[in-house]
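S.K.: Sequence first, predicted coordinates after that:
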Amino acid sequence: MSRIQLQGITRRFGPVTAVDDVWLDIADGEFLVLLGPSGCGKSTLLRLIAGLLPPTEGRLWLDDTDLTHVPPQQRDLAMVFQSYALYPHLSVARNIGFPLRARKWPRAEIRAKVAEVAATLGLTALLDRKPKELSGGQRQRVALGRALVRDPGAFLLDEPLSNLDAKLRTGTRAEIAELHRSLGTTMVYVTHDQVEAMTMATRIALLDEGRLAQLGTPSEVYDRPASVFAATFLGSPAMNILDATVRSADGSLAAHGKGIELSLGIDAVLPDRPVRLGVRPEHLTFAPAGGRGIHAVVTAVENLGSEEVVQCLAGEGRIAVRGPRPLGVSAGDAVTLTARPEHLHLFDSASGRRLTWQPESVPASV
Amino acid sequence: MTIDDAVGEPRVRRLGGHLVLGVLSLACVFPVYWLYATSVRAPGDVYSLSVLPWPLSTASYADAFAKNDVLGMLLNTGVVAVFSALGQLLVALLAAYAFVAWRFPLQRLLYLMFVGTWLVPFQATMLPNYVLLSRLGLLETLAGVIVPTLCSALGVLLLREHLAGFPKELLDAARMDGRSSWSTLWLVVVPALRPALAALGILLAITAWNEYFWPAMVLQRSNAVVQLGLRSFMGTEGNDWGPLMATAGLACLPVLVLYLVLQRHIVNAFVRSGLK
Ligand SMILES: Nc1ncnc2c1ncn2[C@@H]1O[C@H](COP(=O)(O)OP(=O)(O)O)[C@@H](O)[C@H]1O
Ligand SMILES: [Mg+2]
């Protein structure tokens, strides 16, 4: 059992607040991905969990133990570093066995355990090599092996795939996910890569400037982004965000803007309200010219192989449309784009928070 | 890239360069050559200016060994060099590790003070050290020569710079793997720093080996180390050049051998230290 709880964890470096009042409850066996752009405090948060940094404020619990002041050596957590941090003077076998030697295991047991872990990771043939004689992918495996060998309560991984080339990354991603399934051990995984987050996570904790921007399953975060930040961070191309006004017409609500008229599918009469309108590129479709929708001009068509991304200009706003190839438009075409009401996202124009419709009231912040 | 690969380098300039380097290296090597040449001349020839010493003779060496316990002196000098170098390495390693791996109050100030001691000229600390040694009863002992050298700012400075470039994630990894700061130092930092430690150790040992002034103060009239032993051949009524050169030649020998064997390390050490 290893449930990790963060209660108001804050870390400041002088004037910089790297991690700002983060509350997280990571269930036993969960694969939690800490996602966010570079510099948003992911590594700092992971190091706080590891105990490599003390928090400025807040408490940290592992199951029923208060870990806040427990040194990393006694936390029963294993970490995989972004640089792999392999001991350069030790062979692969001794690198993997290092944590066991620190725990004073008998030699024979260390050898057996290292051999077992090496076999799982396909490192058996490399056990006598030094780290500098290994490829990037092999080093990454050794770093994983060093974490695995301890059977820790939880794994902490800091961008373990970021130094691998694209192809190796896809393969290793699947392997780590598989490892998590077979071990069932809690993993906290840091990445800035949305594909890794979407494919591996049981839950995503999205960080923005040290604050928790959204916490939820990959589908929740993708389908119901809590803010403009979350909406534009996930998805490729990112969600289109346009300035618009919600206005009542004939007893139902619609979003209006420069060259925009999209029905929200809500029957209500409300005073006008400025909003930011979000719609994902794959949810936009081409409608007959002249109808209701977003009026735009195609500026470029990008061929992704199976799909196409059409870049358009609507008023001053840029809009991307994504769909199966061929979409049948070319640069210079004037097009009308529509989307189903359930695929439209509304955000508060000032705070950027998601707006939801609650029938008996005005659109309110979540 | 070797010189031969240089594109468009005029032949004449290349030749000129070689000529200048040749003359310079000759100027550097010649005194050493003259030292050994004189040491193997026959006793009557020591003032001879012939470039080739002939006939060869070991009389000067025999003379040196007869008048002084040369082997004992070399041994003592070796002890001083080895202990002084190891002691400085240990102090420097611990201090540099603390400065890099730990955060503690007044860290910057302490480091600046460490560096500051490097700027204090030897002449300023010489007398206080001498008085201290005399109170401790260490005058005229080898320990008296070694102890005051142990805390060298140079070593701390160089190792700290080295350690600053050492990946911090390795220290963190060792902590996660269950190691204390102390065992991390010996199991992770020292093995990874071995080349730098070796280079610095050699540099310090050679410096200690060649030291003349401080041993002369501490050991006074005794000839315990070889650099002092040379004095016994210099007298008011003239110098005894043959055995003097022989002893000096023997004193240089360990350094030369060390240099030939560990050439790459030593050059490294000098380049790293930024000294000439
Ligand atoms: N040891 C430190 N000292 C000062 N500032 C730091 C330190 N570590 C991280 N920071 C700052 O904290 C912020 C978050 O850093 P980090 O957690 O490394 O981001 P990420 O891993 O998400 O890219 C950055 O602004 C960084 O400059
Ligand atoms: Mg990071």
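M.R.: Nice, I can see it. Ligands and ions are numbered 1, 2, ... in the order given.

S.K.: Check residue 194 and give its pLDDT.
M.R.: Going with chain A. Note on A:Gln194: pLDDT of 94.

S.K.: not quite, I wanted chain B
M.R.: 84.

S.K.: do A:Leu168 as well
M.R.: 89.

S.K.: May I have the lengthiest helix in chain A exported as CSV, CA atoms only?
M.R.: In chain A, taking DSSP state H as the definition, the longest helix is helix A:166-183. This file holds the C-alpha atoms of helix A:166-183, laid out as CSV (Å, rounded to 0.1, in the frame of the first residue of the first chain):
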residue,chain,number,x,y,z
ALA,A,166,11.0,9.5,-31.1
LYS,A,167,10.8,5.9,-32.1
LEU,A,168,12.4,4.5,-28.9
ARG,A,169,10.2,6.8,-26.9
THR,A,170,7.0,5.2,-28.2
GLY,A,171,8.3,1.7,-27.5
THR,A,172,9.6,2.6,-24.0
ARG,A,173,6.3,4.4,-23.2
ALA,A,174,4.4,1.2,-23.8
GLU,A,175,6.9,-0.8,-21.7
ILE,A,176,6.6,1.5,-18.8
ALA,A,177,2.8,1.4,-18.9
GLU,A,178,3.1,-2.4,-19.1
LEU,A,179,5.5,-2.4,-16.1
HIS,A,180,3.0,-0.4,-14.1
ARG,A,181,0.2,-2.8,-15.0
SER,A,182,2.2,-5.9,-14.0
LEU,A,183,3.7,-4.3,-10.8
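
S.K.: Show me what that helix is packed up against.
M.R.: For helix A:166-183, the packing partners by 3 or more C-beta pairs under 8 Å, 6 or more residues apart in numbering or on different chains; DSSP states H and E come out as helix A:136-148, helix A:194-200. The C-beta positions use only the backbone N, C-alpha and C, and glycine is treated the same way.

S.K.: Next up, the contacts around B:Val32.
M.R.: Taking C-beta atoms under 8 Å, 6 or more residues apart in numbering or on different chains, we find B:Val32 in contact with B:Cys252.

S.K.: Is it correct that it falls within a helix?
M.R.: Yes. With DSSP: H, G, I helix; E, B strand; the rest coil as the criterion, B:Val32 is part of a helix.

S.K.: Please report how far it lies from B:Cys252.
M.R.: Between B:Val32 and B:Cys252 the computed distance is 7 Å (C-beta to C-beta, to the nearest Å).

S.K.: How about B:Pro43?
M.R.: For B:Pro43 relative to B:Cys252 (C-beta to C-beta), the value is 21 Å.

S.K.: does A:Arg47 really touch A:Leu53, like I thought?
M.R.: Yes. The pair formed by A:Arg47 and A:Leu53 meets the contact definition of C-beta atoms under 8 Å, at 4.6 Å.

S.K.: Look at whichever residue of chain B sits closest to ligand 1 and say how many residues are nearby.
M.R.: Here chain B gets closest to ligand 1 at one residue, B:Lys168, 9.1 Å apart by C-beta to the nearest ligand atom. B:Lys168 sits with 15 neighbouring residues when counted by other C-beta atoms under 10 Å in any protein chain shown.

S.K.: Equivalent analysis for A:Ala85, please.
M.R.: A:Ala85: 26 neighbours (other C-beta under 10 Å).

S.K.: number of nearby residues for the residue in the stretch 1-150 of chain B that chain A sits nearest to?
M.R.: Residue nearest to chain A within the stretch 1-150 of chain B (C-beta to the nearest C-beta): B:Arg103, separated by 10.8 Å. When counting by other C-beta under 10 Å, one arrives at 6 neighbours for B:Arg103.

S.K.: what about A:Asp25, which helix or strand?
M.R.: Assigned by DSSP states H and E, A:Asp25 falls within strand A:16-26.

S.K.: For that strand, name the packing helices and strands.
M.R.: Using 3+ C-beta pairs under 8 Å, 6+ apart, strand A:16-26 sits against strand A:4-13, helix A:42-50, strand A:57-62, strand A:211-216.

S.K.: okay, the ones you listed in CSV with distance to chain B and mean neighbour count next?
M.R.: What follows is the helices and strands packed on strand A:16-26, written out as CSV (distance: least, C-beta to the nearest C-beta, whole Å; neighbours: other C-beta atoms under 10 Å in any protein chain shown):
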stretch, distance to chain B, mean neighbour count
strand A:4-13, 12, 18
helix A:42-50, 6, 24
strand A:57-62, 14, 17
strand A:211-216, 24, 19
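
S.K.: Take these and write them to TSV, including distance to A:His295 and mean pLDDT.
M.R.: Putting the helices and strands packed on strand A:16-26 into TSV (distance: least, C-beta to C-beta, whole Å; pLDDT from 0 to 100) gives the following:
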stretch	distance to A:His295	mean pLDDT
strand A:4-13	47	96
helix A:42-50	40	96
strand A:57-62	50	95
strand A:211-216	32	96
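
S.K.: Which pLDDT value belongs to B:Met234?
M.R.: At B:Met234, pLDDT is 79.

S.K.: Next up, the contacts around it.
M.R.: B:240, B:244.

S.K.: still on that earlier bit, wait, which of the helices and strands packed on strand A:16-26 is closest to A:Ala118?
M.R.: Of all these, helix A:42-50 sits nearest to A:Ala118, with 24.5 Å by C-beta to C-beta.
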